[in-house]
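# turn this into a model:
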Amino acid sequence: MAVNSFFVIFVFLTVSVFSRECESRWTIGVNYGRVADDLPSPADAVDLIRSLKIGQVKLFDANPQVLSALANSGLRVVVGVTNQEISALSSYPLAAEEWVQNNVVAHFPSTQIRFIDVGNEILSDYDHKNTWYELVPAMKNLHKSLARHNLSRTIKVTTSVAMDVLNISYPPSAGSFRTDVALSVLKPMLHFLSHSHSSFFLNVYPYFAWADSPEHVPLDYALFGTQKVIVTDGEFKYTDMLSAQIDATIAAMEKLGYPHVKLTISETGWPSKGDANQLGANLFNAATYNRRLVRRLLAELPIGTPKRPGTFIPAHIFSLFNENQKPGPTTERNWGLLYQNGSSKYSIDLTGKPADEENLEYAAPASLHSFPALPQLPYSTSPTNASLPVLPTPLTGSGNSSSSPYSSTTPSTHPISSPSVESQIIPSFPAELPTKWCVGNASVGISRLQEALDYACGLGGADCRAIQRGEVCFMPNSVQAHASYAFNSYWQKMKREGGTCSFGGAAMLTQLDPSYENCTFQYQD
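Presented below is the predicted three-dimensional model:
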C-alpha cells in the first residue's frame, strides 16, 4: 500500500511539473508597456489580450491596477522590477521581502505570476555600471523571499538582456559574452538560473541586425521568408536570423559552462513605422514577421533551433500597444500589434495555425477561419492603405515574398548577399511618360504623405539616403520635401516595370524639375 501511495504521489508531482513546463507551449506571450496616453484601461487591455488568444503577459513594472486586472484572467504573468529598484533589492533583504509581499503575495494566486523579471536590459546601460554588479544579489534576495513563502517552485526569478550582451555573434558557434560582464555578472547569473530552474530572458530583434547591414543580409533571412540555407556553421545550418541569434547566445552560455540553461525570448518583433532613415520599418514587414514568428514557435511539433532542435522556446512579442510617449526615433513608438487606442493595425492569428496563404488581410475579416492572402506589394484593396501605390507583383515561387533590403552605406563584414529588386519583379509594358518627375501632392495632407513616404522608403525600395539627416536633400526638413524626393526615386526606378506615380493620390507628375541647390532629383528616359 505504501508503494502504491508513493507511486500516486510520484505521478501527481510528475504531471504537475510537466504541466507547468508545457502550459506556455500552446500560446504566445506579449509585452504590455504603458508609455503612452489614451491607452485602454487595464481591464480593457486584459480583455483585448484574451481576445487575441495570447497566453502570457510580460510587464515592465508591478503596477497594482494592472496586476489586479489580470486576476482570474487565466493569463500567466511576468511581473517586472524596474532598473531603479535593483540597488535597494540587492542591498537589503527586507526590501526584497517587502517587494514580494506587495507585488506577488498580494496578488497570487488569482493573478498567475510565473516570473519576476529583475530589470530590463540593465547590462546595456553604461551610465549605471554599478547596478550591473547588484543585479545577481537582487535576484537571489527575491528568490529567497519567494522560498520563504513557498513560491519559489512556481515563480522564478530572471532578468532580460539585450543582444548587445554578446561580444561576438557571428558565426553562431563563435558566440561569446562581452568581457566586461561575462565572468563578473553573467557566469554567477547563469549559475543562479541553472540551480533555481529558471530561464535566461533574451530580447532578440532580427530587425536591428538586418537594419545594421541590409546590403549584406537578405530581408527574407530576417523575416522567416526562405527555406534556403543562408548560413552554414559547421554542422549547423540556418535559414532564419532569429535561430542564429539564439544559438549565438547558447554558444556564449556554453563557453561559461552552462549549456543547458533554458532560454525565453522576452522581446521580439518588428516596427510598423520608422523615420526616413529607418527603412524596412513598415506595416507589411511587421505583419509578415509577427505572423511567421507565431506560426514557427507554435508549431505542433516544436522546431527549436539547430543547437536545440525540437525544443519549445517561449516568446513574447513586443508589444501590445504603440507607445506614443517613448522618446527616440519613430520606430520606438510603433512596435505594437495594436494602436494605442486598442484598434488593430493588421489582423493576426496568434494561435499559429494559418499559413501565409491563409493568413489575415490588413482589415480584419468577419470570420477568423477564412483568411484572404496577405498582399505582397499592392495595397489598393485595403481602405486603410488607400494612399499607398499599386506596385508590380513579385514573382511567385521565387522563395522571396518580400521586397529586397534598401541600399545602405553602412559598412559590414557579414558574408551574406542581398537579393536584387530586379530579380523579384515581373516586367510590364512601359507606360507613356508625358512628364518627367514624380512629386508629393500637398493637398492630401501630411498624414497621407507620411504614410506613403514610409512605404516608398521601405517596401517600395526607393533610395532615400539623400534625405537622411546631414545629406544633401535633408533640408528643407519637411514631409512634403522628403516625400517628393522619395516618390521620384521610386518612380524613376520602377516606371519601365509598370510602376506608377500615384501613391493613392499622394503623388503627382510634373514637367518642372524639382531639383534645388545640390539636391538633384533623378530623371531617366
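
# got the phi and psi for S41?
Backbone torsions for S41, taken as degrees, to the nearest 10, come to phi -60, psi 160.

# list the residues that contact the closest residue to it other than its chain neighbours.
Distances taken as Cβ to Cβ, 6 or more residues apart in numbering put A69 closest to S41, at 7.7 Å, once the chain neighbours are dropped. Using the backbone N, CA and C atoms, a C-beta is placed for each residue, glycine as well. Residues near A69 by Cβ atoms under 8 Å, 6 or more residues apart in numbering: S41, P42, A43, A45, V46.

# if you set the cut-off to 6 Å instead, what comes out?
Applying Cβ atoms under 6 Å, 6 or more residues apart in numbering to A69 gives the contacts P42, A43, V46.

# and for V161?
Neighbours of V161 in contact, by Cβ under 6 Å, 6+ apart: L123.

# direction included, what does the strand or helix carrying it pair against?
Per DSSP states H and E, V161 falls inside strand 156-162. Sheet pairing for strand 156-162, assigned by DSSP bridges, gives strand 112-120 (parallel), strand 199-203 (parallel).

# after the first one, which helix or strand is next?
Per DSSP H and E, strand 112-120 leads on to helix 129-148 as the next helix or strand towards the C-terminus.

# which one of the strands paired with strand 156-162 lies nearest to K353?
Closest approach to K353 among those (Cβ to Cβ): strand 112-120, 24.3 Å.

# and that closest one, how far from the chain's centre?
Centre-to-centre, strand 112-120 and its host chain are 20 Å apart (Cα atoms, centre = their mean, to the nearest Å).

# give me the angle between that strand and helix 129-148.
160 degrees (axes from the mean of the first three to the mean of the last three Cα atoms, to 10 degrees).

# may I have strand 112-120 exported as PDB, CA atoms only?
As requested, the backbone C-alpha atoms of strand 112-120 are provided in PDB (Å, rounded to 0.1, in the frame of the first residue of the first chain):
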ATOM      1  CA  GLN A 112      -0.900  33.800 -12.200                       C
ATOM      2  CA  ILE A 113       2.600  35.200 -11.700                       C
ATOM      3  CA  ARG A 114       5.200  32.900 -13.200                       C
ATOM      4  CA  PHE A 115       8.300  35.100 -13.300                       C
ATOM      5  CA  ILE A 116       9.800  38.100 -11.700                       C
ATOM      6  CA  ASP A 117      11.900  39.900 -14.300                       C
ATOM      7  CA  VAL A 118      14.600  41.900 -12.500                       C
ATOM      8  CA  GLY A 119      15.400  45.000 -14.600                       C
ATOM      9  CA  ASN A 120      15.300  45.400 -18.400                       C
END
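
# how distant is whichever strand or helix holds Q480 from the center of its chain?
Q480 belongs to helix 479-494 when elements are defined using DSSP H and E. Its chain's C-alpha centre and that of helix 479-494 lie 28 Å apart, by Cα atoms, centre = their mean.

# ok, stretch 255-264 next?
Worked out by Cα atoms, centre = their mean, stretch 255-264 lies 23 Å from the chain centre.

# what residues sit buried inside it?
L256, Y258, V261, K262, L263, T264 (16 or more other Cβ atoms under 10 Å).

# with stretch 329-338 instead?
T330, T331, E332, R333, N334, W335, G336, L337, L338.

# mind listing which of those residues are in strands?
With DSSP state E as the criterion, strands contain none of these.

# redo the residues you listed as TSV? Include distance to V100 and pLDDT.
As requested, these are exported to TSV (distance: Cβ to Cβ, whole Å; pLDDT from 0 to 100):
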residue	distance to V100	pLDDT
T330	38	92
T331	35	94
E332	32	95
R333	33	95
N334	35	96
W335	30	97
G336	31	97
L337	31	97
L338	32	96
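
# export the residues you listed to JSON lines and append columns for distance to G74.
Shown next, in JSON lines, are those (distance: Cβ to Cβ, whole Å):
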{"residue": "T330", "distance to G74": "35"}
{"residue": "T331", "distance to G74": "32"}
{"residue": "E332", "distance to G74": "31"}
{"residue": "R333", "distance to G74": "30"}
{"residue": "N334", "distance to G74": "29"}
{"residue": "W335", "distance to G74": "25"}
{"residue": "G336", "distance to G74": "22"}
{"residue": "L337", "distance to G74": "19"}
{"residue": "L338", "distance to G74": "20"}
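
# between those residues, which sits nearest N488?
T330 (22.1 Å).

# the closest one is in contact with G274, isn't it?
Yes: between T330 and G274 there is a contact under Cβ atoms under 6 Å: 5.1 Å.

# which parts of the stretch 401-525 of the chain are strands?
437-440, 507-510 (DSSP state E, counting those that start in this stretch).

# mean neighbour count, mean pLDDT and distance to T179 added to those strands, as JSON lines?
Below are these laid out as JSON lines (neighbours: other Cβ atoms under 10 Å; pLDDT from 0 to 100; distance: least, Cβ to Cβ, whole Å):
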{"stretch": "strand 437-440", "mean neighbour count": "24", "mean pLDDT": "90", "distance to T179": "50"}
{"stretch": "strand 507-510", "mean neighbour count": "20", "mean pLDDT": "87", "distance to T179": "51"}
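
# count of residues packed around D275?
Neighbours of D275 under the rule other Cβ atoms under 10 Å: 18.

# also N83?
Neighbours around N83, by other Cβ under 10 Å: 18.

# Three-state assignment for N102, please.
Following DSSP: H, G, I helix; E, B strand; the rest coil, N102 is assigned to helix.

# name the nearest residue to it, ignoring sequence neighbours.
Of all residues not flanking N102 in the chain, A62 sits nearest, at 7.6 Å (Cβ to Cβ, 6+ apart).
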